[in-house]
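Colleague: Sequence first, predicted coordinates after that:
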Amino acid sequence: MTATPATEAPASPGATTSPDAYEPTDRTVPTRSRDRARYDRETVHSILDQAYVCHLGFVRDGAPVVLPTLFGRVGEALYIHGSTGSRPLRAAGMADPGLPVCVTVTHVDGLVLARSAFHHSLNYRSVVVHGTAYQVTDEEECRTALDALVDHVVPGRSADSRPANAKELAATAVIRLDLTEVSAKIRTGGPNDDAEDMALPYWAGVVPVAPAYGTPVPAADLAPGTATPDYLAAL
């Protein structure tokens, strides 16, 4: 299902007509390690789709605020949900033209241990999205967004659970952030020790980091005969 925007968002100065990549802007070009930046949609979407939590940054009462939250992607839009009493979600609905935000996600893939303390690092994949968030008011788009949020955590789960009823929809707010001004940044490989440190007697290398899933634990009050779904085994 394709989401229908509830509010027409103005075009970003970073908008691009390229079907394969996002156009770099002053805010998406890193000041350090520019060679690690990526703008192709395939890389950006992959990093977003493999993350469970994003960090939503905005300004509240003149001070910066960053909140960890769940999200979902539908095409070129990110959806973030919360309570209708949430300040940033209310602001996205009241503000004109929306709420300026910055959304980030990060994967840690390895601990990079160098011979010198200075060159210790991480192997990582990250995405930063700048833009203006808008509250979703169209019911069909809201349902599409909520399905995307559930399926983002466990693909296939939205079709295997009761959908939100009218009361739950009324208590839930959803904001949309279009993927227009976007960049990814990736570090891979081993430590970058200085030549004069190579002979030092300290271990150097990479400790891989990867998510691990345990065996699903059924709820104690699960209805008799309810089987563990195949999509959980796929994790």
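Modeller: Good, I have the coordinates.
Colleague: Give the helix, strand or coil label for the residue lying farthest from the centre of the chain.
Modeller: Using CA atoms, centre = their mean, the residue of the chain lying farthest from its centre is Ala199. It sits 41.0 Å away. Following DSSP: H, G, I helix; E, B strand; the rest coil, Ala199 is assigned to coil.
Colleague: Could you do the one 4 residues further on as well?
Modeller: Under three-state DSSP, Trp203 falls in the coil class.
Colleague: In contact with it, which residues?
Modeller: Residues counted as contacts of Trp203 (CB atoms under 8 Å, 6 or more residues apart in numbering) are Leu113. For the C-beta atoms, the positions are set from N, CA and C on the backbone; glycine is no exception.
Colleague: coming back round to it: Provide the backbone phi and psi angles at the residue farthest from the centre of the chain.
Modeller: phi -90, psi 0 (degrees, to the nearest 10).
Colleague: quick one: it from Pro24, how far?
Modeller: Using CB to CB, to the nearest Å, Ala199 is found at 41 Å from Pro24.
Colleague: same check, this time on Pro216
Modeller: Pro216 is 42 Å from Pro24, by CB to CB.
Colleague: neighbour-wise, which of the two wins?
Modeller: Regarding Pro216 and Pro24, a neighbour count based on other CB atoms under 10 Å identifies Pro24 as having more, with 17 against 10.
Colleague: Report the separation between the more buried one and Leu67.
Modeller: The separation that Pro24 has from Leu67, given CB to CB, amounts to 27 Å.
Colleague: swap in Asp230?
Modeller: 34 Å.
Colleague: Have a look at the two and say which one is more surrounded.
Modeller: Set Asp230 next to Leu67 and count neighbours by other CB under 10 Å: Leu67 wins out with 15 against 9.
Colleague: Just to check, the more buried one is in contact with Leu56?
Modeller: Yes. With contact defined as CB atoms under 8 Å, Leu67 counts as touching Leu56 (5.0 Å).
Colleague: Sheet partners, orientation included, of the one helix or strand Val112 maps to?
Modeller: Per DSSP states H and E: Val112 is located in strand 99-113. In the sheet, strand 99-113 lines up against strand 53-60 (antiparallel), strand 121-135 (antiparallel), strand 205-208 (antiparallel) (DSSP bridges).
Colleague: of all those, which lies closest to Arg34?
Modeller: strand 121-135 (13.7 Å; CB to CB).
Colleague: Pull the number of nearby residues for Val103.
Modeller: Using other CB under 10 Å, Val103 has 24 other residues around it.
Colleague: What of His81?
Modeller: Around His81 there are 20 residues (other CB under 10 Å).
Colleague: can you count the residues close to the closest residue in space to it that isn't next to it in sequence?
Modeller: Of all residues not flanking His81 in the chain, Val174 sits nearest, at 4.7 Å (CB to CB, 6 or more residues apart in numbering). Neighbour count for Val174, taken as other CB under 10 Å: 27.
Colleague: rewinding a little: which of the strands paired with strand 99-113 sits most buried?
Modeller: strand 121-135 (a mean of 21; mean count of other CB atoms under 10 Å).
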